[in-house]
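Student: I would like the atomic coordinates for the input below:
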Amino acid sequence: MRFVSRVCFNQIEPGQIQSFVAAITLLLIGLVTITLGNAAQTAVEKGASEDSWPQWRGPQGQGHAPTAVNVPRLWSENQNICWKTPVPGRGWSSPVIAGDQIWLTTAIESVLSEDLKKKRLEGNTNSQTLTVSGPISLRAICIDRASGKIVKEIECLHVDEPDPIHTLNSFASPTPILDADRGRLYCHFGTNGTACIDTTTETGHVVWRNQDQRIAHENGPGSTPVLFEDFLIFDCDGSDRQYVVALDTKTGTVAWKTDRSGTLNENPQLKKAYGTPLLLQIEGKQVLLSTGADWLYGYDPQTGRELWKMSYGVLGFSIVPRPVAAHGMLYVSTSFIQPELLGVRLGDGVAVPEIMWRVKKGAPTMPSPLVIGDELYMVSDKGVATCVDARSGEVRWSERLGGNFCSSPMFADGRIYVGNREGQVFVIEPGKTFVLEATNSLEGEVMATPAALDHSIYLRTDKAMYRIEKK
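Tutor: Reported below is the predicted structural model:
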């Protein structure tokens, strides 16, 4: 752990360092194991180390910050801010971190005339309010972790005529994946393409690009990839076609591609999904869990072979939340009109899972759930926080936080952190009773999910990137 270059204002005594390193060593021997019944299930991620945040929702992709200690619970624009860096362009991707580098993506948009906007919308079947842009530059930005200075800005892709997107979305919403061991950053922009960046050079350069995975997702990019061995895997669920694809991380070429097999509604708008896969080991078998429209799928991540599929039993389109796993269960939030949270018994990874319970009130359509111990926590898009028993689905409590939510909650240093579009971040004490410990406000909207390493929280708003640390 290289504390010297990263500590902003606090000094750490040698004894504290030894205790901290010892604790982290115990936590991070091998991969973090999720005990599920009699089977040990482990999130399978490459490039994750004890001093990194390589992907959306942390090292295991489930919202836990295992190395965060003594992070702030109170802050404002004038309190406990180590640095604040304006970010050019527009993007909702969350930061990924390794060593001295923080990476995120953004889109530099250009303005179209009203006549051209109308022309671009001709034939569009989407009833949502859409943003229409001229040519866009899709970029990766590297920020120095100690100083907050932007040290690299690389154009990944240039798109002359990008498809319209939902007004709440951005052209750079999927979170990149950072493989620090190989010095690679994988930036995914949905139908507009995917790029691999060499992070080891002074200026950075694009190793490969793939712009062949075109789908009609209409609301814009939302699915974040997952890294497995030499594969970059992501969902492609458009109104026109639906499949899962793995790209070779060395070349960007397609390694495997599997069409969705589930029967879907005839309405094209009900065929879409914006899910992010979750990798688990189930009784020694590696399984890719993927949420498509109306169906949960299990795939072999090595070959793309479909192992099973399970119907949600209800309307299940435009799914955004990433599922989480614990206690032999997978927790899935469905649909965009009438969302339900499903508690799904996974079994041996080969047999079709079984839905054990449903929670119909308070289920989110965008924020992902969070499991801590025996409880599951979720925040609805309209700002209602709910805690349920993770095994039975029994509701423990439900309280209104206020505001509108897209960002997913994070568990760090014994507390839950979750931000809303109004720029507030709520700090909640986990437990069977509701305890709101703090409400913090920053300028701008919180659309991205925070990250936390060591003593710092890294938070992106629509205006800036913050490093939040006790002074």
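
Student: going forward, measure contacts between C-alpha atoms and count neighbours the same way
Tutor: Fine.

Student: look at the residue nearest to residue 426 when sequence neighbours are not counted and give its secondary structure.
Tutor: Nearest in space to residue 426, with sequence neighbours left out and distances taken as Cα to Cα, 6 or more residues apart in numbering, is residue 439 at 4.6 Å. At residue 439 the chain is in strand, as set by DSSP: H, G, I helix; E, B strand; the rest coil.

Student: residue 439 and residue 428 touch, don't they?
Tutor: No. Residue 439 lies out of contact with residue 428 (Cα atoms under 8 Å); the separation is 9.0 Å.

Student: list the contacts for the residue nearest to residue 389 when sequence neighbours are not counted?
Tutor: Sequence neighbours aside, residue 375 is the residue nearest to residue 389 in space, at 4.8 Å (criterion: Cα to Cα, 6+ apart). Taking Cα atoms under 8 Å, 6 or more residues apart in numbering, we find residue 375 in contact with 387, 388, 389, 390, 431, 432.

Student: quick one: which of these is nearest residue 323?
Tutor: residue 390 (13.1 Å; Cα to Cα).

Student: for this structure, just list every one of the helices.
Tutor: Along the chain, counting by DSSP state H, helices occupy 14-27, 114-120.

Student: returning to what we had before: next up, the contacts around the residue nearest to residue 426.
Tutor: 74, 424, 425, 426, 427.

Student: between those residues, which is nearest residue 131?
Tutor: The nearest member of the contacts of residue 439 to residue 131, counting by Cα to Cα, is residue 424 at 25.1 Å.

Student: pLDDT score for residue 255?
Tutor: You'll see residue 255 listed with a pLDDT of 99.

Student: point out where the protein drops to low pLDDT.
Tutor: Under the criterion pLDDT under 70, the flagged ranges of the chain are 1-50.

Student: let's see that with 90 instead.
Tutor: By pLDDT under 90, the low-scoring segments of the chain are 1-51, 117-129, 203, 217-218, 283, 314-315, 335-338, 347-350.

Student: wait, isn't residue 298 in contact with residue 290?
Tutor: Yes. With contact defined as Cα under 8 Å, residue 298 counts as touching residue 290 (6.4 Å).

Student: compare those two (neighbour count), which wins?
Tutor: The residue with more neighbours, out of residue 298 and residue 290, is residue 298; 28 against 22, by other Cα atoms under 10 Å.

Student: let me see the contact set for the more buried one.
Tutor: 287, 288, 289, 290, 306, 307, 308, 309, 349.

Student: among the residues you listed, name the buried ones.
Tutor: Burial by neighbour count, 16 or more other Cα atoms under 10 Å: within the contacts of residue 298 this picks out 287, 288, 289, 290, 306, 308, 309, 349.

Student: just give me the neighbour total for the spatially closest residue to the fourth one that is not a sequence neighbour.
Tutor: Residue nearest to residue 290 in three dimensions, not counting chain neighbours: residue 277, with 4.6 Å by Cα to Cα, 6+ apart. As a burial measure, residue 277 scores 26 neighbours (other Cα under 10 Å).

Student: looks like residue 277 contacts residue 236 (just checking).
Tutor: No. The criterion here is Cα under 8 Å, and residue 277 misses it with residue 236 at 11.0 Å.

Student: residue 378 bridge partners, please.
Tutor: residue 386 (DSSP bridges).

Student: picking up where we left off before, make a markdown table out of the buried ones among the contacts of residue 298 and add distance to residue 195.
Tutor: Shown next, in a markdown table, are those (distance: Cα to Cα, whole Å):
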| residue | distance to residue 195 |
| --- | --- |
| 287 | 25 |
| 288 | 22 |
| 289 | 24 |
| 290 | 22 |
| 306 | 26 |
| 308 | 30 |
| 309 | 30 |
| 349 | 32 |
